[in-house]
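In: would you be able to build a 3D model of this:
(chains A and B)
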Amino acid sequence: MTKRFALGIFEDEDVLLHAVENIRAAGVKIYEVFTPFPIHGMDDALGIERSRLPIAAFFYGMTGLAFALWMQIYMLGFDWPMIIGGKPHIALPAFIPVSFELTVFFCCHGMVITFYTISGLYPRWRTPVLDVRSTDDKFVVAIELNEKSDLNGLTKLLRENGASEVNEKEMTKN
Amino acid sequence: MATLTHHEGATAEHLEVSPRTNRNFIFIIVAGVVLLAIGLIMSAMGIGSGHHEAAAGVAHGAGAVQNAGHAAPHESPTWLKRLIVSLWHSNVFFIGVSTIGTFFVALQYVAYAGWSVMIKRINEAMSAWILPGAIIMLVVFLFGRHDLFHWTHEGIMDPKSEHYDAIIAGKSGFLNLPFYLIRTVVYLAIWWFFSRWLRNLSLEEDLHGGTEYFHKSINVAALFLVLYAVTSSMSAWDWVMSVDVHWFSTMFGWYVFASWWVTGIAVTTLTAIYLKQAGYLKFLNSNHLHDLGKFMFGFSIFWTYVWFSQFMLIWYANLPEEAVYYNQRLGGFNGAYTWIFFFNLIINFVFPFLALMRRDAKRQMIMLKIVCIAIIIGHWSDFYLMFMPATMKGDNGFIIEIGVALIFLGAYLILFTKRLASAALVPVNHPFLDESIHHTT
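Out: Modelled structure (predicted):
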């Protein structure tokens, strides 16, 4: 499937932030904004709803905690009981560090894997990039075009809001 | 984001403390005095102190190591001893929290942080308690030190005396009266001096503007942070840990600091919310509260981390001279402190952890208020747990202690709001003020 985009290239993040607000106020739908670094307030300006990743993270953490407690209680309490320092076989204070580490471990890995999967950031041969300069020093606003789009009007709107150049680009999504 | 497109300048707002508010503060003090009087009378008449037998009976248990061989030659009757210990307890708590205000400002300067400029004046005003607190501290030490500090007893470092204690005598190089007094005065002087210096720079900035004061403040703040790193730990050893003079813990300085720090942030947050609800701090919004909430959440966990690090090593190694600390608090003195030991963990860790975990909770005033109050009460109890088992043994109580705490609270609030009202609520000429107004989280 091939899509066409109008790309507004910006030089400065403050200009970009106001441009995004104005473009959306003008009733144009923005496909995506590509920036070299995260910009405070951009999510709100784009009207992106909050991610539900933290909820998933909570459950990954709980899984890790349950796994850690089960592992230690089973190993040290039932499978191979040993007396360590005269403490009971199942000595909860001694389990806290490992439980904490495994909670964090499960939580982080779960979040990273989930995030990469949802965002389609898995390894592949050809990575679709609309403008490679967005990984360097330029800020790119992508607006999807269809048959009814008024490219001249869009160009004017982007230029008026501080875009240093406006390009058209086709992208084949596989 | 409306805040990003509007460029209204901040104008100076001044807090006006209404006579009604001041009456409320005085009412807190009066309530404290009444509680204190009731507590003193009850204690002097021996009502509600069923722990006497318990204290004697503990000799075979936890208190044995602490009490071995000393018949406490200079101690006051229980009611007076409780008053002295609770004066010291609440004063250490309030002085620490006051200094956290200056520490917070210094930290924000050194980190070039912009978001916190909005609440800077609250932190500056918090340190108003340092000077009166210092005077109270020295007076209580001079008159009540024998009730607080076992190592000040006469003859305890003299090999010929019947009260001789070899362990305490071994610490005489550090724990002796002149050196202790010099140290205490030096800590308090440093804290007071730097609080004043940073405050004055900020006030002059209000008048003259420019970035010169900002750059100077960064240097002053950096110097203060270095000194505070040392003095906060050492004051914790001197004022808090040396009541348990046989015992020692290398985590203790951090533990006390963590307690002060999270309480200080809770005080800042609570004040900011009250000011906002009273119609001040026009530009304070949920983004600032969110950051303060994150601070409280994070440092509640930090406190727990330090608490647990101290607990687990002692629990695991189980050396008598270390484990006595937890023996006294867990089940010692017929279980006088057991419930407060667990209450301490629940109110200072479990509750803030679960309550502030969600993003929405950190952005809501009501939720933050509840957690702030819980943290302030919780860490006051934390200090209670540090002081009482070592000094009062089984003779502890709550009425005198809460009464004294309320008197301190009322007096603190009067000085705090007085200083808060003495300058603009927002530092109008701070170079990062604009960043703070447009802060988004």
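In: what about the residue in chain B that chain A sits nearest to, neighbour count?
Out: Closest residue of chain B to chain A, C-beta to the nearest C-beta: B:Thr440 (4.3 Å). All C-beta spots, glycine's among them, are computed from the backbone N, C-alpha and C. Using other C-beta atoms under 10 Å in any protein chain shown, B:Thr440 has 17 neighbouring residues.
In: try A:Gly41
Out: By other C-beta under 10 Å, the residues close to A:Gly41 number 20.
In: any idea how far B:Pro352 is from A:Lys148?
Out: With distances taken as C-beta to C-beta, to the nearest Å, B:Pro352 is found 54 Å from A:Lys148.
In: what's the answer for B:Gly378, then?
Out: Distance, B:Gly378 to A:Lys148, using C-beta to C-beta: 62 Å.
In: and if you look at A:Thr117?
Out: Following C-beta to C-beta, the distance that separates A:Thr117 from A:Lys148 is 34 Å.
In: identify the residues contacting stretch B:103-114?
Out: By C-beta atoms under 8 Å, 6 or more residues apart in numbering or on different chains, the surrounding residues in contact with stretch B:103-114 are B:116-117, B:120, B:123-124, B:194, B:198, B:214, B:217-218, B:220-222, B:224-225, B:228, B:232, B:261, B:264-265, B:268, B:432, B:435-436, B:439.
In: repeat the analysis, applying 6 Å as the threshold.
Out: B:116, B:120, B:123, B:198, B:217-218, B:221-222, B:224-225, B:228, B:432, B:435-436 (C-beta atoms under 6 Å, 6 or more residues apart in numbering or on different chains).
In: show the average pLDDT along that stretch.
Out: In this model, stretch B:103-114 has a mean pLDDT of 95.
In: swap in stretch A:80-97?
Out: 91.
In: against B:Tyr316, how distant is the closest residue to B:Phe308 other than its chain neighbours?
Out: Leaving aside its chain neighbours, B:Phe308 sits nearest to A:Ile96 (6.6 Å; criterion: C-beta to C-beta, 6 or more residues apart in numbering or on different chains). Using C-beta to C-beta, we find A:Ile96 at a distance of 11 Å from B:Tyr316.
In: neighbour count for B:Gly378 and A:Lys148, which is higher?
Out: B:Gly378 (25 against 5).
In: name the element the more buried one belongs to?
Out: B:Gly378 is part of helix B:365-391, with elements assigned from DSSP states H and E.
In: and what of A:Lys87?
Out: Here A:Lys87 is assigned to no helix or strand, by DSSP H and E.
In: ok, the most centrally placed residue in chain A to chain B distance?
Out: Central residue of chain A (C-alpha atoms, centre = their mean): A:Phe115, 5.9 Å from the mean position. Per C-beta to the nearest C-beta, to the nearest Å, A:Phe115 is found 17 Å from chain B.
In: tell me the SS of that residue?
Out: Three-state assignment for A:Phe115 (DSSP: H, G, I helix; E, B strand; the rest coil): helix.
In: roughly how far does the closest residue in space to B:Tyr255 that isn't next to it in sequence sit from B:Phe104?
Out: Distance criterion C-beta to C-beta, 6+ apart; nearest residue to B:Tyr255, sequence neighbours excluded, is B:Val306 at 4.8 Å. The gap separating B:Val306 from B:Phe104 is 19 Å, by C-beta to C-beta.
In: what of B:Ala222?
Out: With C-beta to C-beta as the criterion, B:Ala222 and B:Phe104 are 15 Å apart.
In: who has more neighbours out of the two?
Out: B:Phe104 (22 against 13).
In: what are the phi and psi values for the closest residue to chain B within chain A?
Out: Chain B sits closest to A:Gly41 of chain A, with a gap of 4.3 Å, by C-beta to the nearest C-beta. Note on A:Gly41: backbone dihedrals following degrees, to the nearest 10 are phi 90, psi -10.
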